[in-house]
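*Asks:* this is a predicted model, with the sequence first.
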Amino acid sequence: MGASAAHGSTVFLNGIVLRHEGLERNVTCGGDVASRAALGLPVDRPVIATGHQPGLHHGGLIAKDMAVRAMVHRHGGAGVHLLLDTAVDLDAQIDVPVQVDGIWQVQQQSVFNGHSPLECMQAQWAHFDLDPRVIRASDLLDTPAGQSMLEAMRSDPKRCTDTLREAVTAVPGSGLRPPHGDELPLWAAPVGQPTVRHVATLSDLDNTEVLLSPRAVLTTAIMRLAVCDLFVHGTGGAMYDRVTDRWVQAWLGRTPLPFAIVTADVYVDHAALTKSAAAVEQATTAVRTVRHDGGDPQLKRRLLADIEALPRGGPERRQAFAQMHVQLQAQSAQAAIDAVQQLAVVSEQHDVLARRDYPLVSMPQAVRNAFQATCDEAFSSLVG
């Protein structure tokens, strides 16, 4: 059964953590010649692919394309980016980090800004000298491999659905839901209304009034059975493709070609992130101190010492003891308010800095340079 290789590597450089697994394997040319030709891909050398829905991508996604480029150099192949144009309801706004007076904040900006999703992707690739061939997920069903799978669904839709349900159930945490009833791994949308879609059933397969497109597991099944010799996933895609492997083996008796995993954690300001983590820990300790020690243990000791100096059993001692509790309660209440407010301030800043989903092109140039250097280091052994 196709799976990621057991070997992998982690590189920590410039405050960036990059992990990869399965890139060390040898990749040879295979796939379905007719399906590759239908997509305009070469049939005489390895095809190494990754993919994602259109938009501005964070470092973990860009790292996949960087890995594909390195693998292409190593194997003399063709690099491909599968544009998941079957995605709908794409966010028109995206969060970006902005530093104002030394404080990092999150602002929203337009994702596409009048450009097509593909143009935005190509513009961000240009920052890192990436120029993969682009194929579209919506074209996969028109390939001979896609048509063959549709025919297999028509001939025995129950087997297709049942084996998919069993595969999803066998891989908890995949993010996929088991098909309901007779649902198939397809989207069906009325012609001219791509966003008004539903999960297809058998009745949709020959309905000329709807357009069909592959859902996640079918998309990568076609890619890994017929189109590419290695598919590079992130951690999420790797999880659901374990479902794909089980499903395709049980449904069609075939084993998809392997996949690799690449992921990267890129932060807008790693030095500030480290400081903010320490500040959160310090502020959390302060809150605990207030709740358990009244906020100022030294004050309590001084007051007790003053009480101890007063005559035992006298009214002055009793009065001082009562006043001590009033003073400590007031001190504790204000200290608690201050400590909780400080924890909120430093936690908010830490949350901004700890995010890994900002578009890489929105990061400072120094971070982009560090990302490039980290990828070069991580993938250097792959380039031959």
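*Replies:* Yes, it's here. Residues are numbered from 1 along each chain as shown.

*Asks:* distance check, the closest residue in space to residue 90 that isn't next to it in sequence against residue 205.
*Replies:* Of all residues not flanking residue 90 in the chain, residue 55 sits nearest, at 6.2 Å (Cβ to Cβ, 6 or more residues apart in numbering). All C-beta spots, glycine's among them, are computed from the backbone N, C-alpha and C. With distances taken as Cβ to Cβ, to the nearest Å, residue 55 is found 31 Å from residue 205.

*Asks:* between these two, which is the more surrounded one?
*Replies:* Neighbour count, other Cβ atoms under 10 Å: between residue 55 and residue 205, residue 55 has more, with 20 against 17.

*Asks:* does the more buried one count as helix, strand or coil?
*Replies:* Taken by DSSP: H, G, I helix; E, B strand; the rest coil, the conformation at residue 55 corresponds to coil.

*Asks:* next up, the contacts around it.
*Replies:* Contact partners of residue 55, counting by Cβ atoms under 8 Å, 6 or more residues apart in numbering, are 90, 91, 94, 111, 117, 120, 121.

*Asks:* tell me which two of these sit farthest apart.
*Replies:* Spatial extent of the contacts of residue 55 (Cβ to Cβ) is set by the pair 91 and 121 at 14.4 Å.

*Asks:* nearest residue to residue 13 in space, please, no chain neighbours.
*Replies:* Closest to residue 13 by Cβ to Cβ, 6+ apart is residue 374, at 4.5 Å.

*Asks:* just residue 347 next, same as before
*Replies:* residue 280 (5.6 Å).

*Asks:* ok but that neighbour is inside a helix, no?
*Replies:* Yes. The assignment for residue 280 is a helix, going by three-state DSSP.

*Asks:* which ones are touching it?
*Replies:* 343, 346, 347, 350.

*Asks:* repeat that for residue 363.
*Replies:* Here residue 363 is in contact with 59, 97, 266, 268, 371 (Cβ under 8 Å, 6+ apart).

*Asks:* in terms of secondary structure, what does the helix or strand hosting the last one contact?
*Replies:* By that I understand residue 371. Secondary structure assignment for residue 371, by DSSP states H and E: helix 365-379. On a contact count with 3 or more Cβ pairs under 8 Å, 6 or more residues apart in numbering; DSSP states H and E, helix 365-379 meets strand 8-13, strand 16-21, helix 59-75, strand 259-265.

*Asks:* what lies in contact with stretch 129-136?
*Replies:* Contacts of stretch 129-136 (Cβ under 8 Å, 6+ apart): 39-41, 62, 65-66, 68-69, 78-83, 85, 118, 121-122, 125, 227.
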